[in-house]
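Undergrad: Provided below for reference: sequence and predicted model.
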Amino acid sequence: MRLLYPSDPLDSKLPDESYKEEFDAALAAGISTSLFSFEDFESGILKIRPEAQQGEIVLYRGWMLTPELYERLSSALHSKGVLAFTSPVQYKLCHHLPEWYPHLTDLTSETIVLKSDANFEEELAHLKWPGYFIKDYVKSLNTAGGSLVDTPNQIGAVVQLMQKYRGQIEGGVCVRKRENYIEGTERRYFVLNGKPYAAAGNVPEIVNVCARIVRSPFFSVDVVLRSDNVIRVVELGDGQVSDRKEWEAERFAQMLRAAG
């Protein structure tokens, strides 16, 4: 397996600064690594340095991609005679909340998916939730008051701010029922080839359940402790574009090495 990282925009021979620590840890762990210009790729050119070998499997580690852009990356790799570690269908499964949510409804907050221009007050009038957490298919609003609101008539303003600060709404709007989580208890786990991994300590059973249910070779699982001491899934993400969060680079590289 070969890892593929975005290069520094000013020096194609170096990894982007955001991924340098992980890139160096991967090299130290003996994992084959390559770089590519993300800017060139967005323009339709994929040049990998050093080139991947014919038949080699490539695992991308870089910026979030829309499913359409990831499919372009997968196709470009295939044209070079190499395979993407994660298929476009598998990528979308973990990258877009409406894709993974039906598989994990008992483990995560109740969610309703609407169009970005929906009449939220009318669509959600039948609900009597204690609060509403708003995000698009991928991200929530982390500025200007955040994504948590008390009533449906406040949702439209959050969506407008998401469009303002992010430039787009990806997919649509996910309205999630507010659950009371204990601050400081959220942790990120990764599942690689069906095996769950922790940054430190043991893997909770809820992550083992996700590993058995979700059909993707590499994804992240964020869990948190609710106020009634029940562990809940907060988010899934494709492992290729998930931040390490509390994971040390060396530990992350050890996990990837196990898949090589």
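TA: That came through fine. These numbers were taken from a predicted model, which means no experiment stands behind them.
Undergrad: Residue 95 is in contact with residue 136, isn't it?
TA: No. Using CB atoms under 8 Å, residue 95 is not in contact with residue 136, being 11.5 Å away. No exception for glycine: its C-beta is placed from N, CA and C like everyone else's.
Undergrad: Which of those two has more residues huddled nearby?
TA: residue 95 (27 against 23; other CB atoms under 10 Å).
Undergrad: Ramachandran angles for that one?
TA: Residue 95 adopts backbone torsions of phi -80, psi -30, taken as degrees, to the nearest 10.
Undergrad: and the gap between the residue lying closest to it once chain neighbours are set aside and residue 91?
TA: Residue nearest to residue 95 in three dimensions, not counting chain neighbours: residue 238, with 4.7 Å by CB to CB, 6 or more residues apart in numbering. Per CB to CB, to the nearest Å, residue 238 is found 5 Å from residue 91.
Undergrad: what do those two both touch?
TA: Applying CB atoms under 8 Å, 6 or more residues apart in numbering, one finds that residue 238 and residue 91 are jointly contacted by residue 216.
Undergrad: circling back to that earlier point, beta partners for the residue nearest to residue 95?
TA: Under the criterion DSSP bridges, residue 238 forms beta bridges with residue 219.
Undergrad: and what of residue 4?
TA: residue 34, residue 60.
Undergrad: Help me confirm that it comes into contact with residue 57.
TA: No. In this structure residue 4 lies outside contact range of residue 57 using CB under 8 Å: 10.6 Å.
Undergrad: More neighbours: the two, which one.
TA: Just comparing residue 4 and residue 57: by other CB under 10 Å the higher neighbour count belongs to residue 4, 23 against 16.
Undergrad: quick one on the thing from earlier: show me which of residue 238 and residue 91 is the more surrounded one.
TA: Under the criterion of other CB under 10 Å, the comparison of residue 238 against residue 91 puts residue 91 first, with 29 against 26.
Undergrad: A helix includes the more buried one, no?
TA: Yes. Residue state for residue 91 (DSSP: H, G, I helix; E, B strand; the rest coil) corresponds to a helix.
Undergrad: Quick check, it in contact with residue 240.
TA: Yes. Using CB under 8 Å, residue 91 is in contact with residue 240, at 7.4 Å.
Undergrad: any low-confidence regions in the stretch 51-200 of the chain?
TA: 144-145 (pLDDT under 70).
Undergrad: which residues in it form strands?
TA: In the stretch 51-200 of the chain, the segments counted as strands under DSSP state E, counting those that start in this stretch are 57-60, 83-84, 111-114, 132-135, 148-149, 173-177, 187-192, 195-198.
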